[in-house]
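*Asks:* Let me see the structure of the following:
(chains A, B, C and D)
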Number of protein chains: 2
Amino acid sequence: MRDGGYHGFSFREVAADVGIKSASVHHHFPAKEDLASAVVDGYTERFIATLGDPADPSQTPRALIDRYVELFRRALIDEQRMCLCGLLGSETRSLPDRVSADTRTFFHRHIEWLSKVFRSDAPHESQTGIEDKAMRLVATLEGALLVAQSLGDADVFERIVGSTMATLELGGSELN
Amino acid sequence: MRDGGYHGFSFREVAADVGIKSASVHHHFPAKEDLASAVVDGYTERFIATLGDPADPSQTPRALIDRYVELFRRALIDEQRMCLCGLLGSETRSLPDRVSADTRTFFHRHIEWLSKVFRSDAPHESQTGIEDKAMRLVATLEGALLVAQSLGDADVFERIVGSTMATLELGGSELN
DNA sequence: ACCTGAACACCGTTCAAGT
DNA sequence: ACCTGAACACCGTTCAAGT
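*Replies:* Numbers count the residues shown, from 1 in each chain, chains lettered A, B, ... in the order given. Okay, the predicted model is just below:
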(Lines give C-alpha, C1' and ligand atoms only; values in the text may rest on other atoms or scores of the structure.)
Protein backbone atom coordinates (compact mmCIF):
# COMPACT_ATOMS: atom_id res chain seq x y z
CA MET A 1 0.00 0.00 0.00
CA ARG A 2 2.95 2.30 0.70
CA ASP A 3 4.26 1.44 -2.78
CA GLY A 4 1.30 1.02 -5.11
CA GLY A 5 -1.57 2.68 -3.26
CA TYR A 6 -5.06 1.35 -2.75
CA HIS A 7 -5.19 -0.46 -6.08
CA GLY A 8 -1.64 -1.74 -5.79
CA PHE A 9 -1.98 -4.51 -3.25
CA SER A 10 -4.23 -7.57 -3.03
CA PHE A 11 -6.05 -9.71 -0.50
CA ARG A 12 -4.13 -12.68 -1.84
CA GLU A 13 -0.78 -11.00 -1.11
CA VAL A 14 -1.85 -10.09 2.41
CA ALA A 15 -3.14 -13.62 2.93
CA ALA A 16 0.13 -15.16 1.74
CA ASP A 17 2.14 -12.89 4.09
CA VAL A 18 0.01 -13.96 7.04
CA GLY A 19 -0.14 -17.60 5.99
CA ILE A 20 -3.85 -18.00 5.39
CA LYS A 21 -6.13 -17.95 2.34
CA SER A 22 -7.55 -14.78 0.83
CA ALA A 23 -11.11 -15.78 1.68
CA SER A 24 -10.04 -15.91 5.33
CA VAL A 25 -8.82 -12.31 5.23
CA HIS A 26 -12.37 -11.31 4.31
CA HIS A 27 -13.52 -12.80 7.62
CA HIS A 28 -11.49 -10.10 9.45
CA PHE A 29 -11.99 -7.33 6.90
CA PRO A 30 -15.18 -7.87 4.88
CA ALA A 31 -14.18 -5.52 2.07
CA LYS A 32 -10.95 -3.92 0.88
CA GLU A 33 -12.26 -0.63 2.18
CA ASP A 34 -12.32 -2.04 5.73
CA LEU A 35 -8.76 -3.33 5.51
CA ALA A 36 -7.42 -0.08 4.08
CA SER A 37 -9.34 2.00 6.61
CA ALA A 38 -7.84 0.02 9.50
CA VAL A 39 -4.34 0.46 8.06
CA VAL A 40 -4.75 4.22 7.58
CA ASP A 41 -6.21 4.68 11.07
CA GLY A 42 -3.31 2.78 12.63
CA TYR A 43 -0.81 4.76 10.55
CA THR A 44 -2.33 8.07 11.64
CA GLU A 45 -2.45 7.10 15.31
CA ARG A 46 1.17 5.98 15.34
CA PHE A 47 2.28 9.10 13.50
CA ILE A 48 0.51 11.47 15.89
CA ALA A 49 1.66 9.47 18.92
CA THR A 50 5.26 9.72 17.74
CA LEU A 51 4.92 13.48 17.39
CA GLY A 52 4.04 13.83 21.05
CA ASP A 53 2.66 16.89 22.80
CA PRO A 54 2.80 19.99 20.55
CA ALA A 55 2.90 22.16 23.67
CA ASP A 56 5.63 20.17 25.42
CA PRO A 57 7.34 22.82 27.59
CA SER A 58 10.64 20.88 27.61
CA GLN A 59 10.91 21.24 23.82
CA THR A 60 11.47 24.40 21.81
CA PRO A 61 9.04 24.89 18.86
CA ARG A 62 11.99 24.69 16.52
CA ALA A 63 12.95 21.28 17.97
CA LEU A 64 9.38 20.02 17.58
CA ILE A 65 9.26 21.10 13.95
CA ASP A 66 12.68 19.53 13.36
CA ARG A 67 11.36 16.28 14.78
CA TYR A 68 8.31 16.55 12.53
CA VAL A 69 10.49 17.02 9.45
CA GLU A 70 12.68 14.14 10.58
CA LEU A 71 9.74 11.71 10.34
CA PHE A 72 9.28 12.56 6.67
CA ARG A 73 13.03 12.29 6.11
CA ARG A 74 13.02 8.82 7.62
CA ALA A 75 10.17 7.73 5.35
CA LEU A 76 12.28 8.73 2.36
CA ILE A 77 15.75 7.64 3.52
CA ASP A 78 15.19 4.66 5.81
CA GLU A 79 11.93 3.22 4.50
CA GLN A 80 12.45 4.52 0.95
CA ARG A 81 8.73 5.12 0.73
CA MET A 82 6.09 7.80 0.41
CA CYS A 83 3.99 8.86 3.33
CA LEU A 84 1.01 6.47 3.17
CA CYS A 85 -1.51 9.30 3.27
CA GLY A 86 0.42 11.30 0.72
CA LEU A 87 0.03 8.42 -1.69
CA LEU A 88 -3.62 7.81 -0.83
CA GLY A 89 -4.35 11.53 -0.85
CA SER A 90 -3.28 11.76 -4.47
CA GLU A 91 -5.66 8.87 -5.22
CA THR A 92 -8.54 10.46 -3.30
CA ARG A 93 -10.92 10.56 -6.23
CA SER A 94 -10.77 6.79 -6.72
CA LEU A 95 -10.88 5.82 -3.03
CA PRO A 96 -13.83 4.32 -1.15
CA ASP A 97 -15.53 6.94 1.04
CA ARG A 98 -14.22 5.71 4.37
CA VAL A 99 -10.62 5.56 3.20
CA SER A 100 -10.66 9.08 1.79
CA ALA A 101 -12.31 10.26 5.02
CA ASP A 102 -9.48 8.64 6.99
CA THR A 103 -6.93 10.36 4.79
CA ARG A 104 -8.70 13.67 5.36
CA THR A 105 -8.44 13.06 9.12
CA PHE A 106 -4.71 12.42 8.78
CA PHE A 107 -4.14 15.87 7.28
CA HIS A 108 -6.53 17.60 9.66
CA ARG A 109 -4.66 16.22 12.63
CA HIS A 110 -1.29 17.15 11.19
CA ILE A 111 -2.41 20.72 10.55
CA GLU A 112 -3.86 20.84 14.05
CA TRP A 113 -0.61 19.61 15.62
CA LEU A 114 1.55 21.99 13.59
CA SER A 115 -0.75 24.92 14.32
CA LYS A 116 -0.30 24.35 18.05
CA VAL A 117 3.47 24.35 17.67
CA PHE A 118 3.46 27.51 15.56
CA ARG A 119 1.07 29.10 18.00
CA SER A 120 3.42 28.58 20.93
CA ASP A 121 6.20 30.06 18.82
CA ALA A 122 4.18 33.13 17.80
CA PRO A 123 1.49 33.84 20.40
CA HIS A 124 0.38 37.07 18.74
CA GLU A 125 0.05 35.91 15.12
CA SER A 126 -3.42 35.55 13.59
CA GLN A 127 -4.96 32.07 13.63
CA THR A 128 -5.26 32.23 9.84
CA GLY A 129 -1.57 33.02 9.48
CA ILE A 130 -0.70 30.15 11.82
CA GLU A 131 -2.83 27.68 9.89
CA ASP A 132 -1.47 28.91 6.57
CA LYS A 133 2.03 28.11 7.77
CA ALA A 134 0.94 24.68 9.05
CA MET A 135 -0.75 23.81 5.75
CA ARG A 136 2.23 25.04 3.81
CA LEU A 137 4.65 22.89 5.82
CA VAL A 138 2.69 19.61 5.42
CA ALA A 139 2.10 20.34 1.75
CA THR A 140 5.76 21.14 1.13
CA LEU A 141 6.93 18.02 2.96
CA GLU A 142 4.51 15.77 1.07
CA GLY A 143 5.55 17.45 -2.15
CA ALA A 144 9.25 17.20 -1.31
CA LEU A 145 8.82 13.49 -0.61
CA LEU A 146 6.93 13.05 -3.86
CA VAL A 147 9.43 14.94 -6.03
CA ALA A 148 12.52 13.48 -4.35
CA GLN A 149 11.11 10.01 -4.76
CA SER A 150 10.20 10.67 -8.39
CA LEU A 151 13.71 11.94 -9.13
CA GLY A 152 15.27 9.13 -7.08
CA ASP A 153 17.40 11.70 -5.29
CA ALA A 154 17.14 12.13 -1.53
CA ASP A 155 19.21 15.30 -1.73
CA VAL A 156 16.31 16.99 -3.49
CA PHE A 157 14.31 16.52 -0.29
CA GLU A 158 17.05 18.21 1.77
CA ARG A 159 17.30 21.14 -0.61
CA ILE A 160 13.56 21.76 -0.61
CA VAL A 161 13.29 21.42 3.15
CA GLY A 162 16.36 23.56 3.80
CA SER A 163 15.05 26.29 1.56
CA THR A 164 11.62 26.08 3.20
CA MET A 165 12.71 26.13 6.83
CA ALA A 166 14.31 29.52 6.26
CA THR A 167 10.89 30.92 5.32
CA LEU A 168 9.06 29.79 8.46
CA GLU A 169 10.56 32.45 10.73
CA LEU A 170 10.78 29.99 13.58
CA GLY A 171 12.20 30.60 17.03
CA GLY A 172 12.20 34.38 16.70
CA SER A 173 11.30 35.15 20.28
CA GLU A 174 12.37 32.07 22.19
CA LEU A 175 15.95 31.22 21.32
CA ASN A 176 17.54 29.46 24.26
CA MET B 1 -5.13 7.35 -14.61
CA ARG B 2 -5.57 10.90 -13.25
CA ASP B 3 -7.90 9.42 -10.60
CA GLY B 4 -6.59 6.00 -9.61
CA GLY B 5 -3.03 5.99 -10.88
CA TYR B 6 -1.26 3.27 -12.82
CA HIS B 7 -3.13 0.44 -11.12
CA GLY B 8 -6.45 2.24 -11.21
CA PHE B 9 -7.44 1.93 -14.86
CA SER B 10 -7.79 -1.03 -17.20
CA PHE B 11 -7.32 -2.00 -20.82
CA ARG B 12 -10.96 -3.03 -20.89
CA GLU B 13 -12.09 0.46 -19.81
CA VAL B 14 -9.89 2.12 -22.42
CA ALA B 15 -11.18 -0.30 -25.05
CA ALA B 16 -14.81 0.41 -24.15
CA ASP B 17 -14.20 4.18 -24.37
CA VAL B 18 -12.69 3.80 -27.83
CA GLY B 19 -15.22 1.22 -28.95
CA ILE B 20 -12.94 -1.76 -29.56
CA LYS B 21 -12.01 -4.87 -27.59
CA SER B 22 -9.26 -4.95 -24.98
CA ALA B 23 -7.17 -7.35 -27.03
CA SER B 24 -7.18 -4.75 -29.81
CA VAL B 25 -5.69 -2.13 -27.52
CA HIS B 26 -2.71 -4.42 -27.05
CA HIS B 27 -2.11 -4.17 -30.79
CA HIS B 28 -1.35 -0.44 -30.35
CA PHE B 29 0.24 -0.68 -26.92
CA PRO B 30 1.70 -4.15 -26.33
CA ALA B 31 1.88 -3.76 -22.53
CA LYS B 32 0.33 -1.44 -19.96
CA GLU B 33 3.75 0.14 -19.54
CA ASP B 34 3.67 1.27 -23.20
CA LEU B 35 0.22 2.82 -22.89
CA ALA B 36 1.07 4.63 -19.67
CA SER B 37 4.40 5.84 -21.05
CA ALA B 38 2.69 7.33 -24.11
CA VAL B 39 0.14 9.08 -21.90
CA VAL B 40 2.80 10.54 -19.59
CA ASP B 41 4.96 11.70 -22.51
CA GLY B 42 2.00 13.45 -24.12
CA TYR B 43 1.02 15.02 -20.80
CA THR B 44 4.52 16.35 -20.25
CA GLU B 45 4.84 17.74 -23.78
CA ARG B 46 1.50 19.54 -23.58
CA PHE B 47 2.33 20.92 -20.14
CA ILE B 48 5.71 22.30 -21.22
CA ALA B 49 4.28 23.63 -24.48
CA THR B 50 1.58 25.51 -22.56
CA LEU B 51 4.22 27.06 -20.32
CA GLY B 52 5.92 28.66 -23.29
CA ASP B 53 9.33 30.28 -23.40
CA PRO B 54 10.76 30.79 -19.88
CA ALA B 55 12.83 33.69 -21.21
CA ASP B 56 9.96 35.38 -23.09
CA PRO B 57 10.98 39.07 -23.01
CA SER B 58 7.35 40.22 -23.30
CA GLN B 59 6.51 38.55 -19.98
CA THR B 60 7.71 39.50 -16.53
CA PRO B 61 9.10 36.59 -14.45
CA ARG B 62 6.31 37.17 -11.96
CA ALA B 63 3.71 36.76 -14.74
CA LEU B 64 5.35 33.56 -15.93
CA ILE B 65 5.31 32.10 -12.43
CA ASP B 66 1.69 33.18 -12.01
CA ARG B 67 0.82 31.38 -15.20
CA TYR B 68 2.68 28.31 -13.95
CA VAL B 69 0.71 28.33 -10.70
CA GLU B 70 -2.49 28.86 -12.67
CA LEU B 71 -2.04 25.51 -14.45
CA PHE B 72 -1.99 23.68 -11.12
CA ARG B 73 -4.99 25.68 -9.94
CA ARG B 74 -6.92 24.68 -13.03
CA ALA B 75 -6.13 21.01 -12.45
CA LEU B 76 -7.67 21.31 -9.00
CA ILE B 77 -10.60 23.64 -9.72
CA ASP B 78 -11.63 22.93 -13.31
CA GLU B 79 -10.54 19.33 -13.78
CA GLN B 80 -10.89 18.45 -10.08
CA ARG B 81 -7.87 16.20 -10.43
CA MET B 82 -4.29 15.70 -9.34
CA CYS B 83 -1.40 16.45 -11.63
CA LEU B 84 -0.88 13.14 -13.46
CA CYS B 85 2.82 13.03 -12.61
CA GLY B 86 2.16 13.97 -9.02
CA LEU B 87 -0.02 10.92 -8.70
CA LEU B 88 2.40 8.66 -10.57
CA GLY B 89 5.37 10.12 -8.72
CA SER B 90 3.89 8.99 -5.42
CA GLU B 91 3.54 5.50 -6.90
CA THR B 92 7.09 5.49 -8.28
CA ARG B 93 8.18 2.39 -6.41
CA SER B 94 5.48 0.25 -8.00
CA LEU B 95 5.79 1.65 -11.53
CA PRO B 96 7.36 -0.07 -14.56
CA ASP B 97 10.81 1.38 -15.31
CA ARG B 98 9.82 3.38 -18.37
CA VAL B 99 6.86 5.04 -16.66
CA SER B 100 8.89 6.10 -13.64
CA ALA B 101 11.59 7.38 -16.01
CA ASP B 102 8.97 9.45 -17.82
CA THR B 103 7.75 10.84 -14.51
CA ARG B 104 11.33 11.73 -13.61
CA THR B 105 11.61 13.61 -16.92
CA PHE B 106 8.43 15.55 -16.14
CA PHE B 107 9.94 16.92 -12.94
CA HIS B 108 13.35 17.55 -14.48
CA ARG B 109 11.79 19.65 -17.21
CA HIS B 110 9.65 21.58 -14.76
CA ILE B 111 12.65 22.38 -12.58
CA GLU B 112 14.58 23.38 -15.69
CA TRP B 113 11.81 25.70 -16.86
CA LEU B 114 11.34 27.29 -13.45
CA SER B 115 15.09 27.72 -12.99
CA LYS B 116 15.27 29.72 -16.21
CA VAL B 117 12.47 32.00 -15.04
CA PHE B 118 14.06 32.52 -11.63
CA ARG B 119 17.40 33.11 -13.32
CA SER B 120 16.05 35.94 -15.43
CA ASP B 121 14.53 37.42 -12.28
CA ALA B 122 17.76 37.17 -10.28
CA PRO B 123 20.77 37.19 -12.62
CA HIS B 124 23.30 37.24 -9.78
CA GLU B 125 21.93 34.49 -7.56
CA SER B 126 23.84 31.19 -7.31
CA GLN B 127 22.66 28.36 -9.56
CA THR B 128 22.11 26.22 -6.46
CA GLY B 129 19.89 28.85 -4.90
CA ILE B 130 17.92 29.18 -8.14
CA GLU B 131 17.38 25.43 -8.39
CA ASP B 132 16.44 25.19 -4.73
CA LYS B 133 13.67 27.71 -5.32
CA ALA B 134 12.50 25.88 -8.45
CA MET B 135 12.39 22.53 -6.64
CA ARG B 136 10.59 24.11 -3.72
CA LEU B 137 7.92 25.61 -5.94
CA VAL B 138 7.08 22.39 -7.83
CA ALA B 139 7.12 20.42 -4.60
CA THR B 140 4.90 22.91 -2.82
CA LEU B 141 2.42 23.03 -5.70
CA GLU B 142 2.25 19.23 -5.95
CA GLY B 143 1.85 19.05 -2.18
CA ALA B 144 -0.77 21.80 -2.15
CA LEU B 145 -2.73 19.96 -4.82
CA LEU B 146 -2.44 16.74 -2.86
CA VAL B 147 -3.47 18.20 0.50
CA ALA B 148 -6.26 20.37 -0.93
CA GLN B 149 -7.65 17.39 -2.81
CA SER B 150 -7.38 15.19 0.30
CA LEU B 151 -9.24 17.76 2.38
CA GLY B 152 -11.73 18.39 -0.42
CA ASP B 153 -11.15 22.12 0.01
CA ALA B 154 -9.81 24.19 -2.87
CA ASP B 155 -9.27 27.12 -0.54
CA VAL B 156 -6.47 25.15 1.13
CA PHE B 157 -4.61 25.33 -2.17
CA GLU B 158 -5.00 29.12 -2.31
CA ARG B 159 -3.81 29.56 1.26
CA ILE B 160 -0.71 27.43 0.72
CA VAL B 161 0.14 29.09 -2.57
CA GLY B 162 -0.49 32.59 -1.23
CA SER B 163 1.71 31.95 1.76
CA THR B 164 4.41 30.47 -0.49
CA MET B 165 4.50 33.17 -3.15
CA ALA B 166 5.44 35.71 -0.51
CA THR B 167 8.61 33.71 0.23
CA LEU B 168 9.89 33.60 -3.36
CA GLU B 169 11.11 37.21 -3.43
CA LEU B 170 10.00 37.59 -7.00
CA GLY B 171 10.16 40.68 -9.13
CA GLY B 172 12.60 42.47 -6.83
CA SER B 173 14.55 44.26 -9.53
CA GLU B 174 12.13 44.35 -12.42
CA LEU B 175 8.85 45.79 -11.28
CA ASN B 176 7.14 47.47 -14.19
C1' DA C 1 -14.86 -17.94 15.82
C1' DC C 2 -11.91 -18.87 12.19
C1' DC C 3 -10.71 -21.04 8.04
C1' DT C 4 -11.34 -23.07 3.27
C1' DG C 5 -12.45 -24.36 -1.88
C1' DA C 6 -15.15 -23.14 -5.42
C1' DA C 7 -17.42 -19.91 -7.99
C1' DC C 8 -18.34 -15.11 -10.07
C1' DA C 9 -17.04 -11.10 -12.90
C1' DC C 10 -12.98 -8.59 -13.18
C1' DC C 11 -7.74 -7.77 -14.54
C1' DG C 12 -3.16 -7.90 -18.01
C1' DT C 13 -1.41 -10.68 -21.54
C1' DT C 14 -0.99 -14.03 -25.38
C1' DC C 15 -2.21 -16.14 -29.57
C1' DA C 16 -4.35 -18.26 -33.26
C1' DA C 17 -7.78 -16.80 -36.37
C1' DG C 18 -10.17 -13.55 -38.88
C1' DT C 19 -10.69 -8.98 -42.28
C1' DA D 1 -2.60 -3.34 -40.54
C1' DC D 2 -6.19 -3.85 -37.40
C1' DC D 3 -9.44 -6.44 -34.93
C1' DT D 4 -11.41 -10.48 -32.31
C1' DG D 5 -12.66 -14.67 -29.07
C1' DA D 6 -10.74 -17.72 -26.18
C1' DA D 7 -7.61 -18.87 -22.89
C1' DC D 8 -4.27 -18.09 -18.83
C1' DA D 9 -3.22 -16.64 -14.06
C1' DC D 10 -4.56 -12.82 -11.54
C1' DC D 11 -8.08 -9.65 -8.81
C1' DG D 12 -12.26 -8.58 -5.00
C1' DT D 13 -16.16 -10.80 -3.23
C1' DT D 14 -19.54 -14.35 -1.82
C1' DC D 15 -21.03 -18.52 0.15
C1' DA D 16 -21.75 -23.03 1.52
C1' DA D 17 -19.05 -26.19 4.02
C1' DG D 18 -15.78 -27.43 7.25
C1' DT D 19 -13.18 -27.20 12.32
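
*Asks:* how about the residues of chain A that lie near DNA strand C?
*Replies:* Within reach of DNA strand C by CB under 7 Å from any atom of the strand, chain A has these residues: A:20-21, A:23-24, A:26-28. Every C-beta, even on glycine, is put in place using the N, C-alpha and C of the backbone.

*Asks:* one more time with 6 Å
*Replies:* By CB under 6 Å from any atom of the strand, the residues of chain A that approach DNA strand C are A:20-21, A:23-24, A:27.

*Asks:* Closest one to B:Ala148 out of the residues you listed, please.
*Replies:* Relative to B:Ala148, the closest of the residues of chain A next to DNA strand C is A:His27; by CB to CB it sits at 37.8 Å.

*Asks:* Which strand or helix spans that closest one?
*Replies:* Taking DSSP states H and E as the definition, A:His27 sits inside helix A:22-28.

*Asks:* helices or strands up against that helix?
*Replies:* Packing contacts for helix A:22-28, counted by 3 or more CB pairs under 8 Å, 6 or more residues apart in numbering or on different chains; DSSP states H and E, involve helix A:11-18.

*Asks:* Centroid-nearest residue for chain A?
*Replies:* A:Cys83 (5.4 Å; CA atoms, centre = their mean).

*Asks:* Residue of chain A closest to chain B, please.
*Replies:* With CB to the nearest CB as the measure, A:Gly143 is the residue of chain A nearest to chain B, at 2.8 Å.

*Asks:* Neighbours of that residue, how many?
*Replies:* Counted with other CB atoms under 10 Å in any protein chain shown, residues neighbouring A:Gly143 total 30.

*Asks:* Isn't it up against B:Val138?
*Replies:* Yes: with contact defined as CB atoms under 8 Å, A:Gly143 counts as touching B:Val138 (7.3 Å).

*Asks:* Can you pull the residues of chain A lying near DNA strand D?
*Replies:* Residues of chain A lying close to DNA strand D (CB under 6 Å from any atom of the strand) are A:10-13, A:22-23, A:26, A:30-32.

*Asks:* Out of these, which two sit at the greatest distance?
*Replies:* Across the residues of chain A next to DNA strand D, the longest distance by CB to CB is 17.8 Å; it joins A:Glu13 and A:Pro30.

*Asks:* Where does pLDDT dip in chain A?
*Replies:* Residue ranges of chain A with pLDDT under 70: A:172-176.

*Asks:* residues contacting the residue of it found nearest DNA strand C?
*Replies:* Nearest to DNA strand C in chain A, going by CB to the nearest atom of the strand, is A:Ala23, at a distance of 3.0 Å. With contact set as CB atoms under 8 Å, 6 or more residues apart in numbering or on different chains, A:Ala23 has no partners.

*Asks:* Also A:Phe118?
*Replies:* Contact analysis of A:Phe118 by CB under 8 Å, 6+ apart lists A:61, A:125, A:130, A:133-134.

*Asks:* I'd like the distance from the helix or strand harbouring A:Gly129 to the chain centre, please.
*Replies:* According to DSSP H and E, A:Gly129 maps onto helix A:127-151. Offset of helix A:127-151 from its chain centre (CA atoms, centre = their mean, to the nearest Å): 10 Å.

*Asks:* next structured bit after that helix?
*Replies:* Moving toward the C-terminus from helix A:127-151, the next helix or strand (DSSP H and E) is helix A:154-165.

*Asks:* List the buried residues for that next one?
*Replies:* A:156-161, A:163-165 (16 or more other CB atoms under 10 Å in any protein chain shown).

*Asks:* restrict those residues to those near chain B?
*Replies:* Among these, the residues that sit close to chain B (CB under 8 Å from any CB of the partner chain) are A:156, A:159-160, A:163-164.

*Asks:* which residues touch the residue nearest to A:Gly86 when sequence neighbours are not counted?
*Replies:* In space, and not counting its chain neighbours, A:Gly86 is closest to A:Glu142: 4.3 Å by CB to CB, 6 or more residues apart in numbering or on different chains. A:Glu142 is in contact with A:72, A:83, A:86, A:89, B:142-143, B:146-147, counting by CB under 8 Å, 6+ apart.

*Asks:* didn't A:Val161 look like it was pressed against A:Leu145?
*Replies:* No: applying CB under 8 Å as the test, A:Val161 and A:Leu145 come out as separate, 9.8 Å apart.

*Asks:* in what helix or strand does A:Gly171 lie?
*Replies:* Assigned by DSSP H and E, A:Gly171 belongs to no helix or strand.

*Asks:* just to revisit the earlier point, could you check the angle helix B:127-151 makes with the helix holding A:Gly129?
*Replies:* Counting by axes from the mean of the first three to the mean of the last three CA atoms, to 10 degrees, helix A:127-151 points 110 degrees away from the direction of helix B:127-151.

*Asks:* Give me the angle between helix A:127-151 and helix A:154-165.
*Replies:* Using the same axes, to 10 degrees: helix A:127-151 against helix A:154-165 is 170 degrees.

*Asks:* Could you dump the residues of chain A next to DNA strand C into TSV with distance to A:Asp3 added?
*Replies:* TSV is the format used below for the residues of chain A next to DNA strand C (distance: CB to CB, whole Å):
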residue	distance to A:Asp3
A:Ile20	22
A:Lys21	23
A:Ala23	24
A:Ser24	24
A:His27	26
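
*Asks:* Pick out whichever of those residues sits closest to DNA strand D.
*Replies:* A:Ala23 (3.6 Å).
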